[in-house]
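> Have a look; sequence and predicted model below, questions after that.
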Amino acid sequence: MTVILSEVRTGAYHDSVVLMQLQRALLELPGVLDAGAVMGTEANKDLLSQVGLLTPEAQQAQADDLVIVVKAKDEAAARQALAQVDTLLAQRRSRVAQTFRPKSVESAVNTVPHARWVLISVPGRYAAGVAREALRLERHVFLYSDNVPLEEEIALKREAARKGLLVMGPDCGTALINGVGLGFANRVRRGPIGLVAASGTGLQAVTARIHQLGSGITHGIGTGGRDLSEAVGALTTLQALEVLARDPETQVIVLISKPPSPTVAERVLAAARATGKPVVVNFIGYTPPGAADGNLTFATTLGEAAALAVRLAQETDGTLEDEEGWPSFAEGQKYLRGLYSGGTLAYEALLLLRDMLPTVHANLHLEGVAPLENPMASVGHTVIDLGEDVFTVGRLHPMLDNDLRIRRLQQEADDPEVAVILMDVVLGYGAHPDPASELAPAIAQARERAAAAGRHLEVIVAVVGTDEDPQDLESQVAALRDAGAWVTTDHAQAVYRAGRLVRALDPAVGMRPVPLDAFHRPLAAINVGLEAFAESLTAQGAEVVHVDWRPPAGGNARLMALLERMKGR
Amino acid sequence: MSVDIERANAEAVERMMEARPVLVGMGTAREVIPGMRDNLLLHAGPPITWERASGPLRGAIIGALIFEGLAKDEKQAIAMMEAGEIDLEPCHHHNAVGPMAGVISPSMAVYIVENKTHGNKTYSNLNEGYGKVLRYGAYSEEVIQRLRWMNDVMAPVLADAIEAMEGLDIKALIAEAMHMGDEGHNRNKAGSFIYTTRLAPYIAKVAPNEEVAHDIIKFLGDNALSVLNPVMAACKAMADAAHGVEGSTLVTVMARNGTDFGLRVSGLGDQWFTAPAEIPKGLYFSGFKAEDANRDIGDSTITETAGIGGFAMAAAPAIVTFVSGTPQDAINATLEMYEITVAEHKYFTIPYLDFRGTPTGIDIRKVVEKGITPRINTGIAHKDPGVGQIGAGLVRPPMKIFEDALVAFAERYGF
């Protein structure tokens, strides 16, 4: 049944053109059949009356009153439309060409709301304040300024990691984002190689060499020279590796730094392994454990790093997960549970996961893995080999009998702390004739139950088999995918994905994933400090707003301190 | 203690924007203004003594005492002031505002504006027009004669007309005038036309005869500042609605007395922060120059406080020549004020900026942090009493009062 609702706002004068646009915007809302937005003059009320929109309330309106009438297919639609009025009126941002230069990051953000990057090159003692402002406004920071105190750097980077933002720097001379150079950067072609660099000239030398060798760059993320120090703990480097791991265009990663402290090096290399992508590491002057270590390749010179990266990029098959496959979980979901039928696959999963996660429990013995006291009850991140004797007493091996795994799957799915379930499905002679026919419905049901409780349950399946197996690999994969599982035939890829997902959820790691959209949209930036940086962005075709910056409170230290305390409380 | 400044400011500016000032009537100052008494004169700006008062304010005080019949001439008026027989208090201590010297004496007719949203009332005197006028410190016979006509002939008719029309919504009038080239402080031409055309039919109806009706409508219509005083009272009503919000750093009063510039802050009660007022920069009428100018004077800065005036300069390209520039400078002036305000006005919008709301709600923190003081459009008074307006231009308050207020706020709230 159609419903007409009206609202009269006393003393709210608006220009008739504005009101006509409001009226048009209201008409575009779902369920709205007709709308009127006018000042309550007699002439306007006559007009409303002619189209059947003059409600008794509108009839009472005075010439100074704003009258909004909505005719909709039902009351809910009409109410929703009226609730939109303020938003619709506020949407009218200035599109007028303005030669005005904003005086602060805040008003620059108001001028160019889509600018996600803030370049800061003001004197060091003011730089942290500007960077804090940028983070407060949810913007990524390229911090060229030097002489920023170490404790400020740590505080900024912790805040950024908490918010899913990057602080590149301080003392960061170079970055390349989506084909645009920030600060000092060479003109290099786009390509499959991403960089994380604690050294500006190192980043320039490697990207230039990659270009010379005919390949190109996705993104080059600078971290600032102190990032890999013990004190800072490689916060930006870890975030950057995590971003490039998820970036579908980045197929090979190059990591450049002066030699980090041994504990930090270990953490960074674990994160590099966790990317699951080929990573060329050049810790300048660091003695590598060998030429290669899993997906890590060590280079001793910048040129060698570039050459290795180009070669590895040519070798990769280019099958990479896309951004859409990155789910979002509910509050409290944080753990991984691996439910394996194959012992060696479980073992391989543990080998990879123990380097990615703080603690992993298992019913297998392996150095660096915590033993699981009761194999029937998972603890934290747990990988279980269901082929162990304790499970197979009096029943068939899980490669033949899916019952035990299905029950365990439901048990894990009902645990509100579980985010990811990792499974193997082994095909071939002797195995269950059609495992997907039982597992797929169970997976679908487990995911539905979690969804009903407001959670996203990510089920990742690695299928081992061939197209000539009796179960038919292709149809098994298809059935599992239809059930909502993320399926691959590369077991390590499945483990890396599972590990990265829960790593991002782990409060001990303390990082919120940096959204990829800022890397994929055309670069728009706000520049505070050296005008040359703004000019070079403009020359590269990027959109930039230069802030007419002055020291806060005229540089008065006492007032600056007061203002700082009066913010964010 | 923890106070959420952002929330307090959001609340204060919401109250400022949602206030709905309506001109509800006229009255005699001693009867309607709270705390008004026979030996009291109200004046613009922060508190001041006769000794420190500037030329235009002294002239206006002299004129008011003659108008009241308390002094027969200048000499006697000065003697009374020097003897301390007459008290001086700011208009702002009595919910009132007055342009330039802003002197309101007990017998003067005043506008009564009521904020229909929050219920508070405010007051302002009647506008005398241009030339030799009391608000610029003139007190010659013609000035006193005009005041008497305004008080005895015009005010009763306006009172009846306003009653007959059941009040006039000044907020809606301001919003409409801003789409007609007014910024509400230096330019009130459109607003005064609207004001006159809205009142005229009722004046014609209630005036004792055609002659009086003619004189009043002509007086209002000839004066492009007719509506300034109701507009100021309306801004005062909006600013008062935002005053007294615990933890708010919003400015609720900016006012000058010709000697000092004064500031009040929503979350800091009735405390004034003052420093010597500046001399405005601007254009002078022929025959006058900067040396003739008095220090900044008047309560009309209540317009900027409420988000119009200099803050809405982009709405009034016609008067950019006063402040040195091109229409682009007018746009930039408004854009600059967004830097120091917490909101864009929901009801006062600027066509050229695609109907963006005016910058509203000055935050003392932003002023100090960015080193940008509010931009004020103002008339310029001659420093000698009785000469009148000699130009118009731009002035900014001294930064010191914002810094002092910030420090006081930090002490008051334990930052």
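Arrived safely.

> Where does pLDDT dip in the chain?
No chain was given, so I picked chain A. Counting by pLDDT under 70, chain A contains low-confidence residues at A:15-17, A:91-98, A:317-326, A:507-510, A:568-569.

> Oops, wrong one, chain B.
Those would be B:1, B:323-324, if you go by pLDDT under 70 across chain B.

> can we see that at 80?
Counting by pLDDT under 80, the ranges of chain B that qualify are B:1-2, B:286, B:321-325, B:386.

> I'd like the next helix or strand past the helix or strand that contains residue A:314.
Here residue A:314, judged by DSSP states H and E, is contained in helix A:302-315. Going down the chain from helix A:302-315, the next helix or strand is strand A:335-340, by DSSP H and E.

> helices or strands up against that next one?
helix A:343-356, strand A:382-385, helix A:403-413, strand A:418-426, helix A:491-505 (3 or more C-beta pairs under 8 Å, 6 or more residues apart in numbering or on different chains; DSSP states H and E). Every residue, glycine included, has its C-beta placed from N, CA and C.

> Determine which of these approaches residue A:196 most closely.
helix A:491-505 (15.5 Å; C-beta to C-beta).

> Contact partners for the closest residue to residue B:222 other than its chain neighbours?
Spatially, and ignoring its direct neighbours in sequence, residue B:222 is nearest to residue B:129 (7.1 Å; C-beta to C-beta, 6 or more residues apart in numbering or on different chains). Contacts of residue B:129 were listed using C-beta atoms under 8 Å, 6 or more residues apart in numbering or on different chains, and they are B:146, B:219, B:222, B:223, B:225.

> Next, work out how far apart the residue sitting furthest away from the middle of chain A and residue A:49 are.
Centroid-distance maximum for chain A: residue A:42 at 54.9 Å, with C-alpha atoms, centre = their mean. Distance of residue A:42 to residue A:49, given as C-beta to C-beta, to the nearest Å: 10 Å.

> Using the record's assignment, carve the chain into domains.
Chain wasn't specified; assuming chain A. In the assignment given by automatic domain parsing, the structural domains of chain A cover A:3-90, A:105-319+A:517-553, A:328-505.

> looking at chain B here, not the other one
B:19-231, B:245-413.

> Deepest in the core, which of the ones you listed is it.
domain B:245-413 (a mean of 23; mean count of other C-beta atoms under 10 Å in any protein chain shown).

> Helix or strand for residue A:68, just tell me which one.
Using DSSP H and E, the element containing residue A:68 is strand A:66-72.

> next SSE after that strand?
helix A:75-83.

> how about the first helix or strand past that following helix going along the chain: buried residues?
Next in sequence after helix A:75-83, counting helices and strands by DSSP H and E, comes helix A:85-90. Within helix A:85-90, the residues scored as buried using 16 or more other C-beta atoms under 10 Å in any protein chain shown are A:85, A:88, A:89.

> didn't residue A:545 look like it was pressed against residue A:108?
Yes. With contact defined as C-beta atoms under 8 Å, residue A:545 and residue A:108 form a contacting pair (4.8 Å).

> Can you classify residue B:71 by secondary structure?
Counting by DSSP: H, G, I helix; E, B strand; the rest coil, the backbone at residue B:71 sits in coil.

> can you pull the contacts of it?
Residue B:71 neighbours (C-beta under 8 Å, 6+ apart): B:62, B:65, B:77, B:80.

> Using a markdown table, please lay out the residues you listed together with distance to residue B:42.
Converted to a markdown table, the contacts of residue B:71 look like this (distance: C-beta to C-beta, whole Å):
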| residue | distance to residue B:42 |
| --- | --- |
| B:62 | 15 |
| B:65 | 13 |
| B:77 | 16 |
| B:80 | 16 |
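
> Run through these and flag the ones next to chain A.
Here nothing survives when the contacts of residue B:71 are matched to chain A using C-beta under 8 Å from any C-beta of the partner chain.

> could the residues you listed be laid out in a markdown table, adding secondary structure?
Shown next, in a markdown table, are these (three-state DSSP):
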| residue | secondary structure |
| --- | --- |
| B:62 | helix |
| B:65 | helix |
| B:77 | helix |
| B:80 | helix |
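
> Neighbours of the closest residue to chain B within the stretch 201-350 of chain A, how many?
Using C-beta to the nearest C-beta, the closest approach of the stretch 201-350 of chain A to chain B is made by residue A:331 at 24.0 Å. Close neighbours of residue A:331, defined as other C-beta atoms under 10 Å in any protein chain shown, add up to 8.

> residues in contact with the closest residue to residue A:432 other than its chain neighbours?
Using C-beta to C-beta, 6+ apart and skipping residues adjacent in sequence, the residue nearest residue A:432 is residue A:400, 5.4 Å away. By C-beta under 8 Å, 6+ apart, the contact set of residue A:400 is A:430, A:431, A:432.
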